[in-house]
Structures are given as C-alpha cells and as structure tokens.
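**Student:** Need a 3D model of the following:
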Amino acid sequence: MRVPRLSAVPRAVLVVLVAVGLVASVGCSPDGPAPEAASEDDASDGSWPPGTYPQVRFADLEQELVRRVEAVGTAGASLVVVQDGAVLARSDVGSFDPTTVVPVGEAARWLTAVVVATLVDGGLVGLDDPVADHLPGFAGDDVADRDRKRDVTVRQLLSHTSGLPGSLGCPTDPSGAGATATVAEPVAPVWPQHPCDDAVDDASLLDGPGDRFVVSTAGYHVLARLVEDVTGRSWPEAVADRLTGPLAMSATTVPGSGGVDDVTSLGSTADSSGADLGRFLAMVLAGGVGAAGSRVVSAEVLSEMERDQTTKLDTHLEPWVAWTGIPTFGLGVWRDRLRGDGTGASVSAAGGTGTYPWIDRPRNVWGVLVMDDRASPPGEAVRFSAGLVQGQVPPAVETEGRAVYRVPARPGGDPTRDGDAVEDGDDESIVVTDDASGG
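**Tutor:** Just a heads-up that it's a prediction; the model follows:
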C-alpha cells in the first residue's frame, strides 16, 4: 500500500481526493437527532473564540484513511487539502491518486446546481419560476397532484423541498445495451420523453411544495430535464457547455456521455476524479471564476446557493441529515458550518459512496474526499467522510496551515499561529491550472 508523506507534495496541481472504502462511521449516529450545524460564532466575519480547536496533524488523518482502507478492503483513498491555492496536504492510499475516476454519486448534485445557476445568471430561468412554466407536461395527468405539482419551483427542486419522493425506481438504459438512460433525438422540449419522466409523473407528492425536506433523486432528474428544455441541448452537452468544458474537467462524465454505471436518472450522478472536482471547487471558492480567468457563474448566485433554504422545516427525519450531521441545506449544497449572516462558512456535497467535496471560505480552503464504497449499508460512507472532513480537517488546517482561528501554540511553536507550516512545504505554491493533472 502506497502512502506518501503528506509533506512531500509535488509542484503539480490541485486536489483533495480522498478515495477510501467504507466501514465504521466517524460521523454522527443514525439513531437520534442530528446535531445542529456548527456556527462560526455570532460574528459576521465567522471568527471563533481562542482555544476552540485541539491540535491535529494531517498524519493523523492519513492513518484514519489507512485503517479504513485496510478494514474494508477497498482499492484505496486519496486526500488533498488546498489552502490559498497551494497544496497543504495530500495522502494517496493504495492505488488511488487525484486522477482516479470513480462514481461520485449524489455529490454530482452540486455540479447540477451550478449548471442551473448559469441559466439563472443568463435570465433564462428564475429560481422561483414554476417548473411547469418550462416543462409544461411536468405536472402529469393525476388530478389529485396536478395542481400541487404546477406550484413546484426551481428553488424547491434545488433545495429538496418540492415534495417529490427521494427515489424514482425508473429503469436504466431501456435497451439494456449500456449505462445511458438518455434519449438521443429529439433532445428535450417534450415531457415526458426520458425513461425516468414517467416515473416522476407517477410519483405523488409527499407533502405540499415547500412544506417538507426530502433528499430527492426525482427532483434533480427534473432539474436536468429542465436544463435540456431551456438550452435545447442534451444533459451531457449542457454540462460540457456550461461547466466541465470551461473548467477543463475532461475526466468527468454524466449520464448519456458514457462511463456512468447503473444510471437511473439525470442530475444526481457522475463519474469524476479528485483533480476534476478540485477545478470545480477552486472556481466556487473564487466566487465563480475558473483558473483561466473566465467567469462560470456569478458570485451573487453562489452566495444564494449557500444560504439556508430549509428555514422553519424539521429536517431531522431525513436520513441524510443523520448521516451528514448537517440539518440545513442550501441549493445543491449542505451547509456544514455557518456564518453569522446565515451564509455557509463551509459547504459540501456528500455522495452516498463516500465522496465529499467541500469548501471552507474563512480558511480559503477547498478539498475533496472521494470514496468508492458501493457495498456497505446506506449511510456508512457518508458518516465516515463527514466525520473526517467536519471533525478533523479544520483543526488540522489550524495546526499545520495558515491559522484563521487562533488557539494556544504548541510548546516552542510560533505564538501567532496554531501550528508550524507543513514540513518542506513553505516553498510549494501549487495552483489549479487548465493543464493540471493532479499527479
């Protein structure tokens, strides 16, 4: 098993990839209510009082990954944490590295949400538009639900508050010939057309629009179909046009473009690498501007995505809340820690197989935890990755990176910061570029 020193980070590019197998959880228990989302104190700048964090080394996190990979018997794991554009820590376990492509599961919804956000920026879609304005057939023929479905908005689909159920149960490729469920021609202006559209039509709302939080594959399928309708492009083409192409995410594929296993719907799954997800996260952390300097999405829409969209809703009955330990959701993102103004100080997109990309704005950090565990019981991979990223990465950054929240220094350490810089890493200035390989 190959486990390089965290301090030996090459002058390459980007990513935080943690690909790990599944096993015991490091997160919250599935029994009982999930904890409240951590708040960055009451200060609007996100400051926390001194002494908040224990000292944690990235070597400790590396050992967590090694133990998990060995216990579960998965192929590997890879972690990279980037602060201020430089790789602060990277750990590749087993056969994984930042170029390893894996199914990222529900973490792909963050990508979907940003693609939708580009339509909002362009004035093609409004967050509070009824979905039926763009997909006239969306409401279906069921008289009992038709009127309520007509009231479902784009915002409610993005925030999992539409009332649609969690799963679709729609078929994979109807021909049985491969991993694609999209229909080639015509592209999209008709609903229903995709094999999963009928399943959405047949699904009754669990509650009125805006009245209940249910993590919904169905909702994100509808969003992808809305993108197809508005742009006149297939889902893979629209994603390439608006996101993966501008960010040079060449390893990323979505249903319909090949490479995605067991496709049941659009919008909630993709194959990607830590390097590609790093390019995406660097763009989000930079307020919507990619490494090449071109704007992908506006900072205003990104800020709205990171605000609480589940206010006044009881989210604790949703299993994903227990798995992540996060009770509030934005538009496509979980809100791991909050600022005093209600926006997310740290936001993420947990995937069921353990993938966990995140950004931490106060620390100017982004990272990706990628896991490929499709065999463990639901929630186990999410609990592990959420526990590692939420519980251990922030104090490790405070200890070994540029401290944002001051805590007592180690004996003999610099009293102005929580910990010394990563060994041998002071001269490493690694930024995400278009030609970055992540190797």
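
**Student:** pLDDT weak spots in the chain?
**Tutor:** Low-confidence segments of the chain, defined by pLDDT under 70: 1-53, 140-144, 170-191, 257-264, 405-439.

**Student:** quick one, domains of it?
**Tutor:** What automatic domain parsing lists as the domains of the chain is 1-104+271-285+346-439, 107-269.

**Student:** Need the residue closest to the centroid of this protein.
**Tutor:** Ala349 (2.3 Å; C-alpha atoms, centre = their mean).

**Student:** In contact with it, which residues?
**Tutor:** Taking C-beta atoms under 8 Å, 6 or more residues apart in numbering as the contact definition, Ala349 lies against Glu106, Ala107, Ala108, Arg109, Trp110, Gly332, Val333, Trp334, Tyr356, Pro357, Trp358. Placement of C-beta: from N, CA and C, glycine included.

**Student:** for Ala132, same thing?
**Tutor:** Phe138, Ala139, Lys149, Arg150, Val152.

**Student:** and the nearest residue to Asp84 once chain neighbours are set aside, what is it in contact with?
**Tutor:** Nearest residue to Asp84 in three dimensions, chain neighbours excluded: Asn364, at 5.3 Å (C-beta to C-beta, 6 or more residues apart in numbering). The neighbours of Asn364, taking C-beta under 8 Å, 6+ apart as the test, are Gln83, Asp84, Leu285, Arg402.

**Student:** Where strands are concerned, which of these count?
**Tutor:** Gln83 (DSSP state E).

**Student:** any idea where the helices of the stretch 101-250 of the chain begin and end?
**Tutor:** For the stretch 101-250 of the chain, the helices defined by DSSP state H, counting those that start in this stretch cover 108-121, 143-150, 154-158, 197-202, 217-231, 235-239.

**Student:** Check the spacing between the closest residue to Gly210 other than its chain neighbours and Ser273 real quick.
**Tutor:** For Gly210, ignoring the flanking residues on the chain, the nearest one in space by C-beta to C-beta, 6+ apart is Thr161 at 5.3 Å. Using C-beta to C-beta, to the nearest Å, we find Thr161 at a distance of 31 Å from Ser273.

**Student:** go on, Ala251?
**Tutor:** 4 Å.

**Student:** what sits in contact with each of the two?
**Tutor:** Contacts common to Ala251 and Ser273, judged by C-beta under 8 Å, 6+ apart, are Thr99, Val101.

**Student:** who's more crowded, these two?
**Tutor:** More neighbours surround Ser273 than the other of Ala251 and Ser273, with 28 against 20 (other C-beta atoms under 10 Å).

**Student:** in terms of contact, does the more buried one touch Phe96 like I think?
**Tutor:** No - if you go by C-beta atoms under 8 Å, Ser273 and Phe96 don't touch, sitting 9.9 Å apart.

**Student:** So Leu79 sits against Glu62, correct?
**Tutor:** Yes - between Leu79 and Glu62 there is a contact at 7.4 Å, judged by C-beta under 8 Å.

**Student:** Now Leu88, what are its backbone angles?
**Tutor:** Phi and psi for Leu88, reported as degrees, to the nearest 10, are phi -80, psi -40.
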